[in-house]
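got a predicted structure plus its sequence, pasted below:
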Amino acid sequence: MTATPHAATSPTGGIRQAVSDGLIITWRNLKRIPRIPELAIFAIVQSIMFVLLFAFVFGGAIPLPDGGSYREFLMPGIFAQTVTFAAATTAVGMTDDLNKGIIDRFRSLPMARSAVLSGRTLSDVVYNGGILVVLMLSGLAVGWRVHTGPVEFVGAVALLLLFTYAMSWIGVWVGLSVPSVEVANQVGFTVLFPLTFLSNIFVPTQTLPWWLRPVAEWNPVSALTAATRQLWGNPNPFAAAGFPAEHPILLTLIWVAVLIAIFAPLGVRRYQSMSR
Amino acid sequence: MNAIIAEGLVKIYRAKSGDIRALDGLDLAVEEGSVLGLLGPNGAGKTTTVRILATLLRPDAGRATVAGFDVVRDAHRVRTVIGLSGQYAAVDENLTARENLVMFGRLYQLPHAEARRRAGELLDQFALASAADRVVKTYSGGMRRRLDLASALAGRPRLLFLDEPTTGLDPRSRLGMWEVIRERVREGTTLLLTTQYLEEADALAHGIAVVDAGRIIARGTADELKAQVGGERIEVVVREPAAIARAVQVLSRHGDGEWATDAHTRRLTVPTAGGAQALVRIVRDLDEAAIAIDDVGLRRPTLDDVFLALTGHTAAATEDGNGAGDGISRGDTAGTGGGDGTPPIPIRRAVEQTPRKAE
Ligand SMILES: Nc1ncnc2c1ncn2[C@@H]1O[C@H](COP(=O)(O)OP(=O)(O)OP(=O)(O)O)[C@@H](O)[C@H]1O
Ligand SMILES: [Mg+2]
């Protein structure tokens, strides 16, 4: 029997091991994507369906208060909607790993404890980033344009990815809490669809009943959409002045921080309590 | 030195329908470099034991050390020396076999080149080289099982936990798996193996611990356990009740121990140490004595026999019943599991039979 080469690793593994193990899990999750191409394809098709549906079918009936192109108004919303669904992607991936027993194997290995969750959330950010690229190309095709500089462009992309990361932590918690992939999917859609429809994605909030307006304007998805519109110089109508209208970028960052502060500890706690 | 020690392990699963006491004071000790077979029926607590030792579950009471490290306080150190192959194959279906093995090797903290080399080695060893770069989704159950075991070995563990490694394999794959496992043991790996088959424990393990309802109810070598159950028996069913007396003479000549008869079914039973050879001799002599027979056979003790002898209830009765109380009770066995952990006295099954001393 040869000496075990890893016997020297410190009990906690340290930050370097946490990073390298997290990247291995990220690599593994990304490697799976082309092996199940249907998942990515349908995610993209679903978003494109929304683009087509609203740009060509309902769009004509939705006038913007200050004029402007509905399609340019729509696309940032579609991006925000897409990254919101990152929560469902993560939840399904997590539940699947759990049920296939692969998480048990990971837990029996001398790897950093954080790696499974950090790898999962990071790979889902990369995955959604890839989907965003495809959607932006289709956006350009229907007439959406960025009217500001590269800094603003990158800034909005960064916000979208940060938001993806926050949603992904919600997905981790849900994924570890539900018994099966079907339930994970169901929870995702039941929560996320109302969240994206009670927002400024498809219609200016002016068109909503007065009592729904504050909900729609403070909605994190609306904040992200408004921030993106503002950064790219796309039409960004608001019903009334107020914090969400004046500071959409700040509001998005606050939401990201709040969501991560709530759901990351919940997810980590769930993960650790699996040994009970 | 003991590589694995478990003392008084208790595990209670909290379920909606009530708490399930899966382990109820389980003790174990496995000598470094040896193989312990954990033998028990469905629901006995085998998987729970393995999961606690592999740091996946915390015991509610009791303690366990693996390679000298406490499985709760020093879980990370335990993980550096163990390999686990669970009851259900846990590999990534959407990666190839090679990708799986390299990933697990890396997570065992091997450097990349070393992990790749190790993966190649394991693929050869487990006869998976030709399918190495195929996605695991396309693998048969047996191939997955082999890959799962290979994954457990990616980090060259000193200790190996195998939870029912051959369940679901065809006889040929099972023998292949046995060979692979023996190879690890020859290289000095300490092995804890769970199984429902006495035969498998017999083939692989140095020592056997029989577990039932969350406790160890007997331990010993396979031979010792079989001896407790009565070892192999030859059974003969004669055609004419009148021939029983003459058949008994034949049986007592070749048997090794007390013989028994049952006049109603015309069945004669005698323990034997001679196996098939003894069977051949008995058949020949019965034929020479012109005794007509309806049936004849060599009966090996099964897990069921071990259970019947040790606990007084059949193996199947333990499942989810989580206690011996609802087992089928039999008047011919003494003690049901023994509250003090000592194996009960082995008892022959002889209710409708009339045991007599041979000679
Ligand atoms: N997660 C769980 N929740 C509730 N009860 C459980 C859980 N896992 C196991 N049990 C119960 O604990 C007992 C022991 O289960 P365990 O899986 O350890 O048995 P086993 O010996 O491995 O059985 P098998 O041969 O069927 O694999 C059983 O009664 C089982 O129903
Ligand atoms: Mg089991």
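Cool, got the structure. Ligands and ions are numbered 1, 2, ... in the order given.

wait, what's in contact with residue B:220?
B:207-208, B:228 (C-beta atoms under 8 Å, 6 or more residues apart in numbering or on different chains). Where C-beta positions appear, they are placed from N, C-alpha and C, glycine not excepted.

could you rerun that using 7 Å?
For residue B:220, the contacting residues are residue B:208, by C-beta atoms under 7 Å, 6 or more residues apart in numbering or on different chains.

again, but for residue B:39
Contact partners of residue B:39, counting by C-beta under 7 Å, 6+ apart, are B:195, B:198, B:201, B:208-211, B:303.

also residue A:212?
Shown in contact with residue A:212 (C-beta under 7 Å, 6+ apart): residue A:198.

just to revisit the earlier point, want to throw the contacts of residue B:39 into a markdown table with neighbour count, pLDDT and distance to ligand 2?
What follows is the contacts of residue B:39, written out as a markdown table (neighbours: other C-beta atoms under 10 Å in any protein chain shown; pLDDT from 0 to 100; distance: C-beta to the ion, whole Å):
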| residue | neighbour count | pLDDT | distance to ligand 2 |
| --- | --- | --- | --- |
| B:195 | 25 | 89 | 10 |
| B:198 | 24 | 79 | 16 |
| B:201 | 27 | 87 | 15 |
| B:208 | 26 | 92 | 17 |
| B:209 | 26 | 93 | 15 |
| B:210 | 26 | 91 | 15 |
| B:211 | 24 | 92 | 11 |
| B:303 | 21 | 62 | 14 |
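
next step: those restricted to strands.
B:195, B:208-211 (DSSP state E).

list the buried residues for stretch B:44-53?
B:44-53 (16 or more other C-beta atoms under 10 Å in any protein chain shown).

and it with ligand 2, contact?
Yes: residues of stretch B:44-53 are located near ligand 2 by C-beta under 5 Å from the ion, namely B:46-47.

can you map out the helices along the stretch 201-350 of chain B?
B:222-229, B:244-254, B:275-288, B:303-311 (DSSP state H, counting those that start in this stretch).

low-confidence ranges in the stretch 151-300 of chain B?
B:230 (pLDDT under 70).

in it, what residue lies closest to chain A?
residue B:188 (4.5 Å; C-beta to the nearest C-beta).

ditto for chain B
residue B:90 (3.5 Å).

nearest to residue B:32, of the buried residues of stretch B:44-53?
residue B:53 (14.7 Å; C-beta to C-beta).

isn't the closest one up against residue B:64?
Yes: with contact defined as C-beta atoms under 7 Å, residue B:53 reaches residue B:64; the gap is 5.8 Å.

quick one: the strands in the stretch 101-250 of chain B?
Listed in chain order, the strands of the stretch 101-250 of chain B (DSSP state E, counting those that start in this stretch) span B:159-163, B:190-195, B:207-212, B:215-220, B:232-238.

could you dump the ones you listed to CSV with distance to residue A:27?
What follows is these, written out as CSV (distance: least, C-beta to C-beta, whole Å):
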stretch, distance to residue A:27
strand B:159-163, 27
strand B:190-195, 32
strand B:207-212, 40
strand B:215-220, 43
strand B:232-238, 55
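
residue B:286: which of the ones you listed is closest?
Distance to residue B:286, taken as C-beta to C-beta, is lowest for strand B:232-238 among those, at 7.0 Å.

who are the packing partners of that closest one?
helix B:244-254, strand B:267-272, helix B:275-288, strand B:293-299 (3 or more C-beta pairs under 7 Å, 6 or more residues apart in numbering or on different chains; DSSP states H and E).

which strand or helix spans the residue nearest the centre of chain A?
Residue closest to the mean C-alpha point of chain A, counted by C-alpha atoms, centre = their mean, is residue A:164 at 2.7 Å. Using DSSP states H and E, residue A:164 sits in helix A:150-177.

tell me the buried residues in that helix?
A:152-153, A:155-157, A:159-177.

how about the helices in the stretch 51-200 of chain B?
B:75-81, B:97-107, B:112-125, B:141-152, B:171-186, B:198-204.

hmm, I was thinking of the stretch 151-276 of chain A
For the stretch 151-276 of chain A, applying DSSP H, counting those that start in this stretch gives helices covering A:181-197, A:213-218, A:220-232, A:243-246, A:248-272.

export those helices to JSON lines and tack on mean pLDDT and distance to residue B:217?
Formatted as JSON lines, those follow (pLDDT from 0 to 100; distance: least, C-beta to C-beta, whole Å):
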{"stretch": "helix A:181-197", "mean pLDDT": "90", "distance to residue B:217": "40"}
{"stretch": "helix A:213-218", "mean pLDDT": "91", "distance to residue B:217": "63"}
{"stretch": "helix A:220-232", "mean pLDDT": "96", "distance to residue B:217": "58"}
{"stretch": "helix A:243-246", "mean pLDDT": "88", "distance to residue B:217": "68"}
{"stretch": "helix A:248-272", "mean pLDDT": "95", "distance to residue B:217": "34"}
